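Peer 1: take this sequence and fold it.
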Amino acid sequence: MIKVVNLSKTYRPESNPVYALRGISAHILPGEYIAVMGPSGSGKSTLMNLLGCLDTPTGGSYYLDGQEVSQLEADQLALVRNQKIGFVFQNFNLLPRMTAQRNVELPMIYAGLPTQKRQERAAEALEKVGMANRSDHHPNELSGGQNQRVAIARALVNAPAILLADEPTGNLDSKTSSEIMTLFDDLHREGVTIILVTHERDIALHSERILHFRDGRLEKEENLLSTPSRRDDEQ
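Peer 2: Prediction:
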């Protein structure tokens, strides 16, 4: 599904360059659950922005479903972001003046779906994440965990094949984090490909494979499927 070859990203290349990514090569298969770990400034979020087609690489190639992303036109990229990829962010990125229902409807508005269809699918997505009874609430009327559930419903409403989550539990307490990760586990079992950025190992241990980043490089890969006691760290 995803293949990157010598992927690099340099900011301000003409003066005082910042090398965010330095020749990353990796592949992610359909249905995999991947965690990306590393210290601040290691390139984790830069990688997510590139995979989500929110930014363009300075060098190398990114293939999505066999097609090189750099060859896509702007409208094709917008279609990929809207239909193939769902985004979940640490700060939720919900619009404060809109209800949970309306926030979840937003991706479908951009996709041009009719009103009734949008409302039905948004209600189904909120039901899926346990927020059906809060659909008419605004973000300031919800807890952090509830807002993140709404954000996950919004990410899933167009049935994307890939879910990109950047520190989705970063602003949540441990109990709420556990509930959100259970939701991610359920989505993975349903076949969604998940790529999760986190600095917390107990969160990363929900995945099948951890990519460890340092100084813009992929330092090592850790296969958790070959480790029967992979969550001993949580005990």
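
Peer 1: flag the helix or strand of the protein with the lowest per-element mean pLDDT.
Peer 2: In the chain, no helix or strand scores lower on mean pLDDT, DSSP states H and E than helix 74-83, which sits at a mean of 85.

Peer 1: quick one: contacts of that helix?
Peer 2: Helix 74-83 has contacts (Cβ atoms under 8 Å, 6 or more residues apart in numbering) with Gly52, Cys53, Leu54, Leu64, Val69, Leu72, Pro107, Tyr110, Ala111, Asn158, Pro160. Where you see a C-beta, it was placed from the backbone N, CA and C, and this is true even at glycine.

Peer 1: whichever of these end up buried, select them in PyMOL.
Peer 2: Applying 16 or more other Cβ atoms under 10 Å to those, the buried members can be selected in PyMOL as follows:
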select buried, resi 52+53+64+69+107+158+160
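
Peer 1: and the contacts of helix 74-83, which of them are in helices?
Peer 2: Judged by DSSP state H, the contacts of helix 74-83 include Pro107, Tyr110, Ala111 as members of helices.

Peer 1: which parts of the protein are strands?
Peer 2: With DSSP state E, the ranges of strands along the chain come out as 2-11, 18-28, 33-37, 59-64, 67-68, 85-89, 162-166, 193-197, 209-214, 217-223.

Peer 1: nearest to Met131, out of these?
Peer 2: strand 85-89 (14.1 Å; Cβ to Cβ).

Peer 1: can you read off the pLDDT for the closest residue to Glu208 other than its chain neighbours?
Peer 2: Distance criterion Cβ to Cβ, 6 or more residues apart in numbering; nearest residue to Glu208, sequence neighbours excluded, is Tyr33 at 4.7 Å. pLDDT, Tyr33: 97.

Peer 1: try Glu234
Peer 2: As predicted, Glu234 sits at a pLDDT of 47.

Peer 1: again, but for Asn171
Peer 2: pLDDT for Asn171: 86.

Peer 1: residues near it, how many?
Peer 2: The number of residues packed near Asn171 is 16, by other Cβ atoms under 10 Å.

Peer 1: so it is in contact with Gln90, correct?
Peer 2: Yes - using Cβ atoms under 8 Å, Asn171 is in contact with Gln90, at 5.8 Å.

Peer 1: make JSON lines out of the contacts of helix 74-83 and add distance to Met131 and pLDDT.
Peer 2: Listed next are the contacts of helix 74-83 as JSON lines, based on distance: Cβ to Cβ, whole Å; pLDDT from 0 to 100:
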{"residue": "Gly52", "distance to Met131": "24", "pLDDT": "92"}
{"residue": "Cys53", "distance to Met131": "27", "pLDDT": "90"}
{"residue": "Leu54", "distance to Met131": "26", "pLDDT": "88"}
{"residue": "Leu64", "distance to Met131": "30", "pLDDT": "93"}
{"residue": "Val69", "distance to Met131": "32", "pLDDT": "91"}
{"residue": "Leu72", "distance to Met131": "33", "pLDDT": "87"}
{"residue": "Pro107", "distance to Met131": "16", "pLDDT": "89"}
{"residue": "Tyr110", "distance to Met131": "21", "pLDDT": "80"}
{"residue": "Ala111", "distance to Met131": "21", "pLDDT": "79"}
{"residue": "Asn158", "distance to Met131": "17", "pLDDT": "89"}
{"residue": "Pro160", "distance to Met131": "19", "pLDDT": "90"}
